[in-house]
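Engineer: Fold the following.
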Amino acid sequence: MRWPLRRPSTAKALVEGETERLVQGAREDLKQRRRQGCDKAPIPAEIFTPQAERRVRLGLVVAELVRANNLQAKPEQLQAHIEEMSQSYEKPVEVQRWYLSDRSRMAEVEAIVVENNVTDFVLGKAKITEKALPFDQLMTA
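Structural biologist: Below you'll find the predicted structure:
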């Protein structure tokens with residue numbers, strides 16, 4: 001598999017950006033918990049680096065799967081997903097309009113549809129072998 005990123009500086013920038021998002025997420029979590037001084041509290045970015053690296057690697061693998069296998073969200077999939085979600089509301093047409101009227105909301109829907117496409121693709125390629133295991137062995141595996 002060829003990686004879309006070839007320059008280490010680009011990968012480093014992705015990891016740094018993801019690390020910063022994780023730090024900001026931790027800061028927001030502290031704010032929601034109403035912790036005193038959370039705006040000024042030092043949060044060392046390096047504690048998030050392993051998680052950020054893993055998320056960037058996963059994102060690159062998923063992006064390559066999407067690109068190589070044409071798993072992008074198609075307009076009809078987006079419409080179907082919005083229609084399905086809106087059915088649980090009292091006024092489904094208003095909910096559909098609400099999603100369609102904002103790019104960021106549509107980006108969330110697109111991410112879900114792409115994730116479903118990748119999941120379906122991977123599960124379609126999976127080979128399942130049933131194997132009987134004693135409960136104790138299963139719990140220690």
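
Engineer: give me the low-pLDDT residue ranges for this protein?
Structural biologist: Along the chain, segments meeting pLDDT under 70 span 1-9, 35, 37-39, 141.

Engineer: Regarding it, what is its longest helix?
Structural biologist: Secondary structure of the chain read by DSSP state H shows that its longest helix is helix 8-32.

Engineer: Would you map the helices across this structure?
Structural biologist: Taking DSSP H, the helices of the chain run over residues 8-32, 49-68, 75-86, 92-100, 103-125, 135-140.

Engineer: what's in contact with the fifth one?
Structural biologist: Outside helix 103-125, the residues that touch it by CB atoms under 8 Å, 6 or more residues apart in numbering are 62, 65-66, 69, 71-73, 77-78, 81-82, 85, 98-100. The way it works is simple: take the backbone N, C-alpha and C, and place the C-beta from them, glycine included.

Engineer: out of those residues, which one sits closest to E20?
Structural biologist: Each of the contacts of helix 103-125 was scored against E20 by CB to CB, and V62 proved nearest at 20.7 Å.
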